[in-house]
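Engineer: next come a sequence and a model predicted from it.
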2 protein chains.
Amino acid sequence: MNPNKIDSLIRRYEDIFVFANRKIHALFAEQLSDDITAEQFFTLRLIKEHGPCTSSLLSEWNCVNRSAITAMVDRLVAKGYVTRQPDSQDRRVILLQATEEAEQVLQAGQEKLRQFVRTYLDELEEGELESFISVYERIWNIIQEKEGK
Amino acid sequence: MNPNKIDSLIRRYEDIFVFANRKIHALFAEQLSDDITAEQFFTLRLIKEHGPCTSSLLSEWNCVNRSAITAMVDRLVAKGYVTRQPDSQDRRVILLQATEEAEQVLQAGQEKLRQFVRTYLDELEEGELESFISVYERIWNIIQEKEGK
DNA sequence: AGAAAATGATTCAACTATTGAACTATTTCA
DNA sequence: TGAAATAGTTCAATAGTTGAATCATTTTCT
């Protein structure tokens, strides 16, 4: 690709990436109920969807240190949204599972998120949105491939 | 747009938004020199580019409370990258400016960022990238418009 | 089998980033 | 002129994070 051209595209991408993402994150966090943060919501959602799962996996998915997950899960346990259960197969492993109480919070948050994302994605053409997401997913795949090496 | 279709697109978008962004942020932070965090880098870059500027503006751009900016700027001042100067027009205002020393950190960080973003954007077709960024910018504009109201 | 290495999770100290309320100093405007 | 608005800071509290050390268990190698 033309180097000058790509440099200017990169610059546009950088700005949008940093500032649009911050804004989107802030707006979503604002809509969530007060007893859960956006980070907690997304971690809880991972536990719900992949649960029972280990904290090591969560640390990979979230791209944070394992000790950050311990602390995060402590907060979720304190709020009654997650339980820890020792794995019977491998006694080093602690399995995390979302509780019944988590259900409501997740449903409510999910609905808020859906509505919120809709307010801006609705303004796009279907094809436009579809190709946008496809490129996003390709970028994601490229990054993961490069990681693998 | 077809409601079922958009729901599945939204779900794909949510996942990619949360997890790709985390990964990209983590990878970039890893590449930055140890004496500055990614948040500090982007704030410093704003000050450099729009400087001299006020902390109120930074708080808007970064979508955080004004007191968060005070703390952030304290850290940047402690590292010698930013100076505070009272505005002579309006004595409530403190103008922030990047120092000479900030120059190197910014240049080095910028270069790292450019190289890093290049490693994944380079794999895309120019047109593909261009339309991706355009849609991203449109989303950004839609959000800002809705904010305005 | 036994020793060494690896793995899963936690603890702890230190730090960054953030909120929100209270406060000071200034400016605006009715 | 006096009330309201604005710019910035301080402070206490909390979330989120890193990285090193530690413990318990499992895996691997010889």
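Structural biologist: Perfect, thanks for sending it. Given the structure is predicted, the values throughout are model-derived calculations rather than measurements.
Engineer: ok, the residue positioned nearest the centre of chain A - contacts?
Structural biologist: By C-alpha atoms, centre = their mean, chain A has its centre lying nearest to A:F42, at 4.7 Å. By C-beta atoms under 8 Å, 6 or more residues apart in numbering or on different chains, the contact list for A:F42 reads A:N62, B:V18. C-beta here means a position set from N, CA and C on the backbone, and glycine is covered the same way.
Engineer: contacts (any at all) between DNA strand D and the helix or strand containing A:A26?
Structural biologist: Per DSSP states H and E, A:A26 falls inside helix A:21-31. No. Applying C-beta under 7 Å from any atom of the strand, one finds helix A:21-31 separated from DNA strand D by no less than 8.9 Å.
Engineer: who touches that helix?
Structural biologist: Contacts of helix A:21-31 (C-beta under 8 Å, 6+ apart): A:37-38, A:112-113, A:116, B:17, B:21, B:62-64, B:140, B:143-144.
Engineer: following it in sequence, what is the next regular element?
Structural biologist: Next along from helix A:21-31, by DSSP H and E: helix A:38-50.
Engineer: run the chain-centre distance for that following helix.
Structural biologist: Mean-position distance between helix A:38-50 and its chain equals 7 Å (C-alpha atoms, centre = their mean, to the nearest Å).
Engineer: residue contacts, the residue nearest to A:K5 when sequence neighbours are not counted?
Structural biologist: Of all residues not flanking A:K5 in the chain, B:E126 sits nearest, at 6.6 Å (C-beta to C-beta, 6 or more residues apart in numbering or on different chains). By C-beta under 8 Å, 6+ apart, the contact set of B:E126 is A:M1, A:N2, A:K5, A:I6, A:L9.
Engineer: report all helices and strands that the helix or strand harbouring the last one contacts.
Structural biologist: The secondary structure element spanning A:L9 is helix A:3-15 (assigned by DSSP H and E). Helices and strands touching helix A:3-15, as assessed by 3 or more C-beta pairs under 8 Å, 6 or more residues apart in numbering or on different chains; DSSP states H and E, comprise helix B:100-121, helix B:126-148.
Engineer: I'd like the ones you listed as a markdown table, with distance to A:L96 appended.
Structural biologist: Formatted as a markdown table, the helices and strands packed on helix A:3-15 follow (distance: least, C-beta to C-beta, whole Å):
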| stretch | distance to A:L96 |
| --- | --- |
| helix B:100-121 | 31 |
| helix B:126-148 | 33 |
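Engineer: closest to DNA strand C among the contacts of helix A:21-31?
Structural biologist: Set against DNA strand C, the nearest of these by C-beta to the nearest atom of the strand is B:V64 (3.4 Å).
Engineer: give me the number of residues near that closest one?
Structural biologist: 17 (other C-beta atoms under 10 Å in any protein chain shown).
Engineer: in three-state terms, label it for me.
Structural biologist: With DSSP: H, G, I helix; E, B strand; the rest coil as the basis, B:V64 sits in coil.
Engineer: any buried residues in the helix holding A:A26, and which?
Structural biologist: Judged by neighbour count (16 or more other C-beta atoms under 10 Å in any protein chain shown), helix A:21-31 contains these buried residues: A:N21, A:R22, A:K23, A:I24, A:H25, A:L27, A:F28.
Engineer: closest to DNA strand C out of those?
Structural biologist: A:R22 (7.4 Å).
Engineer: pLDDT weak spots in chain A?
Structural biologist: Within chain A, the segments meeting pLDDT under 70 span A:1, A:148-149.
Engineer: who in it is up against DNA strand C?
Structural biologist: Checking chain A against DNA strand C by C-beta under 7 Å from any atom of the strand, the hits are A:26, A:54-57, A:66-67, A:69-71, A:73-74, A:84, A:90, A:92-95.
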